[in-house]
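Colleague: no sequence for this one, just the structure:
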């Protein structure tokens, strides 16, 4: 039995029935990583001996109550796992060892999950291709000459390449959904406040959420159920009781009202991507849902508001990387200011510097009102527009990305071309609503993604719709790797 | 409202980044490109619109003041670039001007 090919819920069943041991799963995945990761480049760190020990201990205990008991999970390298590196794919944090577990890691461990290692990303989660990693190039498992998307490119590629059944990423403007679409897997960005960010390196604090990735909707529901809920260490987490998405997953979407915005099918959209989304409308109708065309007139403004807000928040959040308490410290500096400036300049890559500069500019005296306040007002308008739609509709659909995965190097030098990748995913973070991306077909062998956006805290609703679509399509998304 | 080299020189001091002349030129170009894109927000009338900072309104959240175990200091002090026992070592912060 090739255990590495199994999905998490299949492994869970095999483990619960005593048909396999956790240590066999870990061994199978480590072997798979050794075989393919040289080509894919998803992992920045793999935990080996320690995980075999943990798995054996779980097997010997015979206890099976944890939701993730004995199941391995990969973690983006900006989420703290005690004793492991947490580089955020930046040279600034080379050699740093996390002294504590993020709340999501604490919860995974509490449910018996095994942390396989740390996954590559765009430096500090800024990018849409994982090309801005300071360490290595991650390749798309469906075509090794193409990018996996980003910024959680390692998280998506590792799941798509069958190196790990589940992974965590982070999503500030699409960083979980975008690579999920490019790599042909399922990725969920939850409602703002659904999952604790304690121990997760902050980028844009009013936009960031941890996101979950797996090879089917059921797996994503499983891990989301395990890590959601209020946390006293993150005051932005919502006090409502977490829903058991896994237990309540249903394919019955009869009578659901679904909307698609005309603006999502506009300029810049690849023709075949448009055809694909029109097919998805038919699939939803076959499942008993209704689909109406609506208007989201502010769609075009979301990306502009996003780049101002996210860069402003990033410039503030990244001020903590000063070379004093941890991370890069430049040699031969003669004053404290010199130490800050040189350490940051030596440690940060060009995209990170660009965003810090943009963020500092829009927050500086004289430009604050013109840019930052303006963007926050537009944010309010965008949120109202979405709230209005959700008064009448259960979900809104769109393509996840305007094109399938592009070639490595194609967008790296063009700032705006890279930013435009996030045109469909960014409004979700601006409004703070949940959205899931799932495979909706292939174009010349490359996966396409369907994005389903839902009302606040209606993760169950959008996962059920995704589950119905997934079942109807029955796609085989295994890469030939 | 184009960004000049002088603006970038000023912003890099605020941002605590030392940027080479070559990088500065690139940044002037990039910032102008992004800012000309975001200028489209001006098309929208927002005079009577309130700002939205957090997508979900949050009141202050309080918890009981209970003593909990803190991190073991050695676990985080291993990450300090330069230290003397439990102190961080840094260049002098005050008094440089007089020298």
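Modeller: Alright, I've got the coordinates. Keep in mind that what you see is a predicted model, and the values were worked out from it rather than measured.

Colleague: what segments of the chain are strands?
Modeller: Defaulting to chain A. Assigned by DSSP state E, chain A shows strands spanning A:43-46, A:72-76, A:114-119, A:166-171, A:186-189, A:209-214, A:257-261, A:290-294, A:395-399, A:435-443, A:446-454.

Colleague: nope, chain B please
Modeller: B:83-84, B:87-88.

Colleague: could the ones you listed be laid out in CSV, adding distance to residue A:290, mean pLDDT and mean neighbour count?
Modeller: All C-beta atoms are positioned from the backbone trio N, CA, C, and that covers glycine. Formatted as CSV, the strands of chain B follow (distance: least, CB to CB, whole Å; pLDDT from 0 to 100; neighbours: other CB atoms under 10 Å in any protein chain shown):
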stretch, distance to residue A:290, mean pLDDT, mean neighbour count
strand B:83-84, 64, 92, 10
strand B:87-88, 62, 92, 12
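
Colleague: can you list the weak-confidence ranges in chain B?
Modeller: B:1, B:95-99 (pLDDT under 70).

Colleague: residue of it with the smallest distance to chain A?
Modeller: Among the residues of chain B, residue B:55 lies closest to chain A, at 2.5 Å counting by CB to the nearest CB.

Colleague: got the contact list for that residue?
Modeller: For residue B:55, the contact set (CB atoms under 8 Å, 6 or more residues apart in numbering or on different chains) comprises A:192, A:206, A:379, A:383, A:430, A:431, A:432, A:433.

Colleague: which of these are buried?
Modeller: A:192, A:206, A:379, A:383, A:430, A:431, A:432, A:433 (16 or more other CB atoms under 10 Å in any protein chain shown).

Colleague: do you know how far the last one is from residue A:109?
Modeller: Shown here: residue A:433 relative to residue A:109, a distance of 29 Å by CB to CB, to the nearest Å.

Colleague: also residue A:236?
Modeller: Taken as CB to CB, the span from residue A:236 to residue A:109 is 23 Å.

Colleague: more neighbours: which of these two?
Modeller: Ranked by neighbour count (other CB atoms under 10 Å in any protein chain shown), residue A:236 and residue A:109 place residue A:236 first, with 21 against 18.

Colleague: the nearest residue in space to the more buried one that is not next to it in sequence: neighbour count?
Modeller: Spatial nearest neighbour of residue A:236, excluding adjacent residues (CB to CB, 6 or more residues apart in numbering or on different chains): residue A:193 at 5.3 Å. Residue A:193 has 23 neighbours, counted by other CB under 10 Å.

Colleague: now residue A:388: how far from chain B?
Modeller: Distance, residue A:388 to chain B, using CB to the nearest CB, to the nearest Å: 15 Å.

Colleague: what of residue A:306?
Modeller: Residue A:306 is 9 Å from chain B, by CB to the nearest CB.

Colleague: next up, the contacts around the residue lying closest to that residue once chain neighbours are set aside.
Modeller: Of all residues beyond its chain neighbours, the one nearest residue A:306 is residue A:426 (4.4 Å), with distances taken as CB to CB, 6+ apart. The neighbours of residue A:426, taking CB under 8 Å, 6+ apart as the test, are A:173, A:174, A:302, A:303, A:306.

Colleague: go with 6 Å
Modeller: Contact partners of residue A:426, counting by CB atoms under 6 Å, 6 or more residues apart in numbering or on different chains, are A:173, A:302, A:303, A:306.

Colleague: equivalent analysis for residue B:30, please.
Modeller: A:354, A:415.

Colleague: burial measure for residue A:305, as a count.
Modeller: Neighbours of residue A:305 (other CB under 10 Å): 28.

Colleague: ugh, wrong one, residue A:118
Modeller: Applying other CB under 10 Å, I find that residue A:118 has 27 neighbouring residues.

Colleague: do you know the pLDDT at residue A:72?
Modeller: The model reports residue A:72 with a pLDDT of 98.

Colleague: returning to that earlier point: who wins for neighbours among the contacts of residue A:426?
Modeller: residue A:173 (31 neighbours).

Colleague: ok, that one touching residue A:430?
Modeller: No: using CB atoms under 6 Å, residue A:173 makes no contact with residue A:430, being 8.5 Å away.

Colleague: tell me the spacing between the closest residue to residue A:240 other than its chain neighbours and residue A:247.
Modeller: Nearest residue to residue A:240 in three dimensions, chain neighbours excluded: residue A:457, at 6.5 Å (CB to CB, 6+ apart). From residue A:457 over to residue A:247 the distance is 17 Å, taken as CB to CB.
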